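>>> need a structure here:
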Amino acid sequence: MERTGKNAGHEMIENSTAGVHVWRASQLQRLGIPASLAEVHADHLDWHQIARLVGHGCPPLLALRIIS
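Numbering: from 1, shown residues only. Predicted structure coming up:
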């Protein structure tokens with residue numbers, strides 16, 4: 001059954017936002033950030049900045065502390 005009407009678009013946006021959050025958290029985890037911290041910070045920082053620091057030899061938790 002296809003949803004139409006006023007709230008149909010909101011579900012798509014919420015699902016998309018949730019997907020982006022999961023993806024960002026997974027990127028942080030891939031960089032060495034523990035899952036619990038990745039979940040908390042996923043929507044509030046640019047993971048690219050952490051990746052840059054980690055790529056230059058900065059420990060992941062220190063990179064998170066610097067960026068957040």
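>>> what's in contact with stretch 56-68?
The contact list for stretch 56-68, computed with CB atoms under 8 Å, 6 or more residues apart in numbering, reads 28, 31-33, 37, 41, 44-46, 49-50, 53-54. Where C-beta positions appear, they are placed from N, C-alpha and C, glycine not excepted.
>>> try it again with 10 Å
For stretch 56-68, the external contacting residues (CB atoms under 10 Å, 6 or more residues apart in numbering) are 28-34, 37-38, 40-41, 44-55.
>>> Kindly export that stretch (C-alpha atoms) in CSV.
Below are the C-alpha coordinates for stretch 56-68, written out as CSV (Å, rounded to 0.1, in the frame of the first residue of the first chain):
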residue,chain,number,x,y,z
HIS,A,56,48.6,11.9,9.8
GLY,A,57,49.2,9.6,12.7
CYS,A,58,47.0,11.2,15.4
PRO,A,59,45.4,8.6,17.6
PRO,A,60,41.6,8.3,16.9
LEU,A,61,40.4,9.3,20.4
LEU,A,62,42.7,12.3,20.4
ALA,A,63,41.5,13.3,16.9
LEU,A,64,37.9,13.1,18.2
ARG,A,65,38.8,15.3,21.2
ILE,A,66,40.5,17.9,19.0
ILE,A,67,37.6,18.1,16.5
SER,A,68,34.7,18.0,19.0
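>>> May I see the buried residues of that stretch?
If you call a residue buried by 16 or more other CB atoms under 10 Å, then stretch 56-68 has these buried ones: 58, 60, 63-64, 67.
>>> Could you do stretch 22-35 as well?
Of all the residues in stretch 22-35, those buried under the rule 16+ other CB under 10 Å are 24-25, 27-29, 31, 33.
>>> Assign a three-state SS to L45, would you?
coil (DSSP: H, G, I helix; E, B strand; the rest coil).
>>> Could I get the contacting residues of it?
Taking CB under 10 Å, 6+ apart as the criterion, L45 is in contact with 24, 28, 64, 67-68.
>>> Who are the contact partners of the closest residue to Q29 other than its chain neighbours?
Using CB to CB, 6 or more residues apart in numbering and skipping the chain neighbours, the partner closest in space to Q29 is A38 (4.8 Å). By CB under 10 Å, 6+ apart, A38 lies in contact with 24-32, 47, 50, 60, 64.
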